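**Q** Have a look at this prediction, sequence included:
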Amino acid sequence: MRTKPKIRFAGVTGVLAFSFFALLAVAQDMPHFRWENFTIANGLPDNHVFCVLVDGNRIWAGTENGLGLYANGAWKTFRPADGLAHQAVLSLALDKRTGDVWAGTMGGLSRISAGRIDNFTQLNSGLSNDIVYGVGVQGDFVWTATAAGASRFDTRTGQWALFNERNTPMYEIWTYAVSPAEDKVYYAVWGGGVLEYDVKTEHWKDYNDPDGETELVLMKDQGLIHEITTSVSYVDKILWVATYFGASRYDGRYWHNFLQKDSGLPSNFLNQIKAVDGNRAWFSTDKGLAYYDGATWAVYRPALDTHKPEMLVRDAAGAVKKVAVQTAPAHNYVLGVDFQGDDLWVATAKGLSHGVRQHGSTKSSTETAQVLPPARKSRQKK
Amino acid sequence: MRAPATLRGKVKLIASVVPVSALIFILMLLAPAAKPATPQSEEAVNQHYLSPIEMELSGDGRLLYVVCQASDELRVVDLGSGKVVGIVPVGHVPRGIALAPDGRQIYVTNAWSDTVSVIDSATLKVMRTLPTGFEPTGIVCDKSGKTLYVANRLSSDIFVIDVTTGQEIKRLLAGRGASYLALSADGKWIYGTHIYPNAGAFRTQPISEITVIDTAHQAVIERKQLHNAAGVFHVALSADGKLGVAAQLRPKNLIPLAHVEHGWAFGDSLTLFGDDIGGTLQLPIDELDRYYALPWGVAITPDKSKMFVTTAGSESVTVIDVRKLLAFAKSQRQSAGNLANDLSASANYVTARIPVGRNPRGTLLSADGKRLYVANRLDDNISVIDTSSDKIASTIDLGGPRIINALRRGEQLFFTADYAFQGQFGCANCHLDATIDGLQWDLEPDGFGKDIVDNRSLESLAGTEPFKWNGGNPDMPTECGPRTEKFFYRSQSYTPQELIDLVTFVYSLPYRPNRYRLPNGEPTPAQERGKAIFERTKYKSGKPIPEKNQCAYCHSGPKYTNQQQVDVGTGKSTDRSPIIDVPQLPNVAYSAPYLHDGSARSLEEIWTVFNPKDTHGVSNDLTKDELNDLIEYLKTL
């Protein structure tokens, strides 16, 4: 009987040790980065970066005051004086076939093709509205999400097709992001959920929050988490959705929702979601950049209190580990990401960050693990 | 001298009531009214000319393949005998040619069929027909023989086509009016030019580009900007790849054209580029008191000793000593100033002008560089030039008609610059290939920046009189006669017979195929909705639209013009009068920019920018969707 406490103690110690090493293993499996940050001090057009686009070895950064192009170690800036439609660049897309870059701005849509810039506005073209929140390329079509509905430009014929409340289930026309693919095109409609366009049938379908509540989540995993959607990412026939009240994943039959309270999301306020594949995705939130590999979460940010570089790892059981890191993205308020092989480029409110992926000994030498108490459950907003 | 009133009256009356083919015949019968001449027989009228425009040599150099634009053929010439040994029917209005590296396939672009004919060079049979963009023109085959690049003039892009499958791989953005392509000797780069300037701000100098394609990645990697160039034609590369040259026009459209005697309306020039130059450099080929209009085809000898430029409006080939050219370019690089406008410069490098046939276009050197072939488009023959002596060695007759009828004579007049002061320019300078030039001109001697006018299309003009944007010319003889010869050319007048011939040709120009109509002739839903808007008589509120504010009131009749002059509120403070001639609308999609002064850069801007009070049709009650529908309909006209 006297041995019981020892056994219990040994058991607890063992469990803790197991948990520690298990978490350490989990933490080591998550991607580690050395972050290099760009600001106006080293050539970025502006620190407020709305979007980022990887184009091979070239990086395009859409900022509040110009479009930056990073190539061969130097930044070049495009503004209206250089032919750009507007200085505030909200979205970017690459036509991988031609190398043309499409920039959605607050004054129209710009096409940058080997240095030449052509602008499409609501006055000189069929574009529905000059505020272009989102842009995507699908074959010959360039899809845009604007403040007055969706537009589709046929680069083959020059024809425009507009989609709005008159010909789709779009009851709110403030389209915020677009993710086109071969079979489907998805729109995030700010306040209007998600719209799906079937390329084959040319039919539209909408997805909305089934509980219809703006501030409540009454029916989790029964549909889209919220109607204020900000981003969609459709990869491997899986739809990922970012909202201001959590994230959703939809496989065509089942929905799964992610909230701060029961996932590794650092915040329910999401600006962008970008999927790697059907199981993995990156989440741009107001409290850091998050990564989900299908089971485990990682968060990268300057710590909210100390502002020191921070990496948090949350395993499938909910245990959170803090990994000591030397660098972090430029700011917590993350607006978008793009991939460059294993590397990551991150648009934040205070600069552009390049996450240089660390492999093997490079990462382990810079980290120590610290198991944190379980995260306190956040109360639902009422 | 004005054309006789009786003649003008006859032409106008006839043009309004008869088909073009009949019109041509009747116009020729009218010739005696202007000049005693023998009326032409129906046989004379029904001549089918060839109009050779581009060429390629067979791999062994024994055969010359000649693209004949007017007869829709490829003619094959045995260079040993100088005889035509084969005729291959191709698509409509063929315009470009390329050979596979092994010489087994000949590729011909068919501009009005939107296709490429793939011809087996052994059997001279068309084996396949490949789809392209709108109005394919220039074409090259890459070094591997697996990929074709096709410049499409009306869709302003370059198609990349997989030869094996015949399928389009991708299309690359090119300059407006993409037309000519050249492959570098090492096969790594393709250089493309375009005949209309890229869209730019209103009343600014035109800008064109040389589009550079990396063949390894099949992507555009550079656009060399050509300032103040509008109308860029063939481009060629030296064998060592260090020197490139493009033939081009430099218009002076921002100052009144009335000043031709004080300077020039167009500079005929070249853009040089490549390592030999470093960047780009524009140089003239004109002389101080003589112009060499419409530089079109270019070729550089394999040893890079000479460069040849066909001047389509001056019936000649300009010969340039490349060594002198490069030395001059190098010496001038270190000095400031705009060389392209210094007409004395050409004396430093132009060594000869070789007279050839009418409207010389494509040019081609033999593999050894000893022979230069020049396609004389309006003589149906080929000039063969000895490049050591710069003399004509022989002329190859392609077998065109012996009778030169009024239509052909008119075409020859249209494309020559001989009638203008110092041979500066001809009709075809502004109406490139009898179309437009994409420019806005300050034509009148009423001060700088007054009465700016956009270049209008010449397609199917019969029944659209009067002419000029203010409707000041009641008929075509007036437009082509006193207006052109006296006011523009400032030189010799046409004879009455010549005027008849020229009018005959201009009236013969048909509409180009409209690519916005579905093949089955049915409108798309958007086009149908747009038609209803075009024809509506009521506001969306149900209130009647005043007749004169209805689209279909002014734009009525078979050509969508009531031939009246009206004030629709589009006049500018720089216009002497706001009264504007109602333009016809067919093929309006091809003729941007819009309005009388070209201030609307797109169809949309006609209404989104320049119609604030609904005076140019009622448009302000339309949603953006509906305006788009209206434009989709207009494109089908």
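**A** Done, it's in.
**Q** Hmm, residue B:55 is touching residue B:67, no?
**A** Yes. Under the criterion of CB atoms under 8 Å, residue B:55 is in contact with residue B:67, at a separation of 7.0 Å. In this view, the C-beta of every residue, glycine as well, is placed from N, C-alpha and C.
**Q** And the two? Which one has more around it.
**A** Of the pair residue B:55 and residue B:67, residue B:67 is the one with more neighbours under other CB atoms under 10 Å in any protein chain shown, namely 29 against 22.
**Q** Can you give the contact residues for stretch A:95-105?
**A** Applying CB atoms under 8 Å, 6 or more residues apart in numbering or on different chains, the set of residues contacting stretch A:95-105 from outside is A:53, A:55, A:60, A:62, A:67, A:84-94, A:109-114, A:130, A:132-135, A:137, A:142, A:144-146, B:169-173, B:217, B:219-220.
**Q** One more pass at 6 Å, please.
**A** When contacts are defined by CB atoms under 6 Å, 6 or more residues apart in numbering or on different chains, stretch A:95-105 is touched by residues A:60, A:67, A:85-86, A:88-94, A:110-113, A:132, A:135, A:137, A:142, B:170, B:172, B:219.
**Q** What residues sit buried inside that stretch?
**A** By 16 or more other CB atoms under 10 Å in any protein chain shown, the buried positions in stretch A:95-105 come out as A:95, A:97-105.
**Q** Could you provide those residues in JSON lines, with additional columns for secondary structure and pLDDT?
**A** What follows is these, written out as JSON lines (DSSP: H, G, I helix; E, B strand; the rest coil; pLDDT from 0 to 100):
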{"residue": "A:95", "secondary structure": "coil", "pLDDT": "97"}
{"residue": "A:97", "secondary structure": "coil", "pLDDT": "95"}
{"residue": "A:98", "secondary structure": "coil", "pLDDT": "95"}
{"residue": "A:99", "secondary structure": "coil", "pLDDT": "96"}
{"residue": "A:100", "secondary structure": "coil", "pLDDT": "97"}
{"residue": "A:101", "secondary structure": "strand", "pLDDT": "98"}
{"residue": "A:102", "secondary structure": "strand", "pLDDT": "98"}
{"residue": "A:103", "secondary structure": "strand", "pLDDT": "98"}
{"residue": "A:104", "secondary structure": "strand", "pLDDT": "98"}
{"residue": "A:105", "secondary structure": "strand", "pLDDT": "98"}
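**Q** what secondary structure does residue B:144 sit in?
**A** Assigned with DSSP: H, G, I helix; E, B strand; the rest coil, residue B:144 falls in the coil class.
**Q** Dihedrals phi and psi, it?
**A** phi -80, psi -20 (degrees, to the nearest 10).
**Q** How about the residues of the stretch 151-300 of chain A by chain B?
**A** A:160, A:162 (CB under 6 Å from any CB of the partner chain).
**Q** Where does the stretch 151-300 of chain A get nearest to chain B, residue-wise?
**A** In the stretch 151-300 of chain A, the residue found nearest to chain B is residue A:162; the distance is 4.9 Å by CB to the nearest CB.
**Q** near chain A, which residues of the stretch 51-200 of chain B show up?
**A** The stretch 51-200 of chain B has residues B:170, B:172-173 near chain A, with proximity defined as CB under 6 Å from any CB.
**Q** try 8 Å this time
**A** Residues of the stretch 51-200 of chain B lying near chain A by CB under 8 Å from any CB of the partner chain: B:133, B:155, B:169-173, B:198-199.
**Q** how about those residues, which pair is most distant?
**A** Of all pairs drawn from these, the greatest distance, 26.6 Å, lies between B:169 and B:199 (CB to CB).
**Q** Tell me which of the two has more neighbours.
**A** Neighbours were tallied for residue B:169 and for residue B:199 using other CB under 10 Å; the higher tally belongs to residue B:199 (16 against 13).
**Q** what's the closest non-adjacent residue to the more buried one?
**A** With CB to CB, 6 or more residues apart in numbering or on different chains as the criterion, residue B:199 has its nearest non-adjacent residue at 5.8 Å, and that residue is residue B:601.
**Q** Who are the contact partners of that neighbour?
**A** Per CB under 8 Å, 6+ apart, neighbours of residue B:601: A:124, B:199, B:202, B:592-594.
**Q** host element of the residue of the stretch 151-300 of chain A closest to chain B?
**A** When elements are defined using DSSP states H and E, residue A:162 is found to belong to strand A:160-163.
**Q** quick check: mean pLDDT across that strand?
**A** For strand A:160-163, mean pLDDT is 97.
**Q** Neighbouring strands - and their directions - for it?
**A** For strand A:160-163, sheet partners with direction are given as strand A:149-154 (antiparallel), following DSSP bridges.
**Q** same question for the partner strand, mean pLDDT?
**A** Per-residue confidence for strand A:149-154 averages out to 97 on the pLDDT scale.
**Q** re earlier: with only the CA atoms kept, save the strand holding residue A:162 in PDB.
**A** Once side chains and other backbone atoms are set aside, the C-alpha atoms of strand A:160-163 remain, and they are given as PDB (Å, rounded to 0.1, in the frame of the first residue of the first chain):
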ATOM      1  CA  TRP A 160     -17.200  40.200 -69.300                       C
ATOM      2  CA  ALA A 161     -19.800  38.300 -67.300                       C
ATOM      3  CA  LEU A 162     -21.200  39.800 -64.100                       C
ATOM      4  CA  PHE A 163     -22.600  37.800 -61.300                       C
END
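**Q** Packing partners of the following helix or strand past it?
**A** Moving toward the C-terminus from strand A:160-163, the first helix or strand encountered (DSSP H and E) is strand A:175-180. Using 3 or more CB pairs under 8 Å, 6 or more residues apart in numbering or on different chains; DSSP states H and E as the contact criterion, the elements in contact with strand A:175-180 are strand A:132-138, strand A:141-146, strand A:149-154, strand A:184-189, strand A:229-235.
**Q** can you list those strands in a markdown table and add mean neighbour count?
**A** Putting these into a markdown table (neighbours: other CB atoms under 10 Å in any protein chain shown) gives the following:
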| stretch | mean neighbour count |
| --- | --- |
| strand A:132-138 | 25 |
| strand A:141-146 | 26 |
| strand A:149-154 | 23 |
| strand A:184-189 | 26 |
| strand A:229-235 | 25 |
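**Q** among these, which is nearest residue B:422?
**A** Proximity to residue B:422, assessed across those by CB to CB, is greatest for strand A:149-154 (46.5 Å).
**Q** How far off centre is that closest one?
**A** 22 Å (CA atoms, centre = their mean, to the nearest Å).
**Q** Which residue ranges of the chain form helices?
**A** In the absence of a named chain, chain A is used. Listed from the start of the chain, chain A has helices (DSSP state H) covering A:3-29, A:361-364.
**Q** ah, no, chain B please
**A** B:5-17, B:20-29, B:31-34, B:42-45, B:322-333, B:406-415, B:427-430, B:476-478, B:496-508, B:525-535, B:551-554, B:603-608, B:624-634.
**Q** Sketch out the low-pLDDT regions of the stretch 251-382 of chain A for me.
**A** Segments of the stretch 251-382 of chain A classed as low confidence (criterion: pLDDT under 70) are A:361-382.
**Q** Can you show me the strands along it?
**A** With strands called from DSSP state E, counting those that start in this stretch, the stretch 251-382 of chain A shows them at A:255-258, A:270-275, A:281-285, A:288-292, A:297-302, A:309-314, A:320-323, A:334-340, A:343-348, A:351-358, A:369-372.
**Q** With distance to residue B:529 and mean neighbour count added, can I get the ones you listed in CSV?
**A** As requested, the strands of the stretch 251-382 of chain A are arranged in CSV below (distance: least, CB to CB, whole Å; neighbours: other CB atoms under 10 Å in any protein chain shown):
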stretch, distance to residue B:529, mean neighbour count
strand A:255-258, 37, 20
strand A:270-275, 36, 24
strand A:281-285, 40, 26
strand A:288-292, 46, 26
strand A:297-302, 50, 24
strand A:309-314, 54, 22
strand A:320-323, 58, 21
strand A:334-340, 37, 23
strand A:343-348, 40, 24
strand A:351-358, 45, 22
strand A:369-372, 61, 14
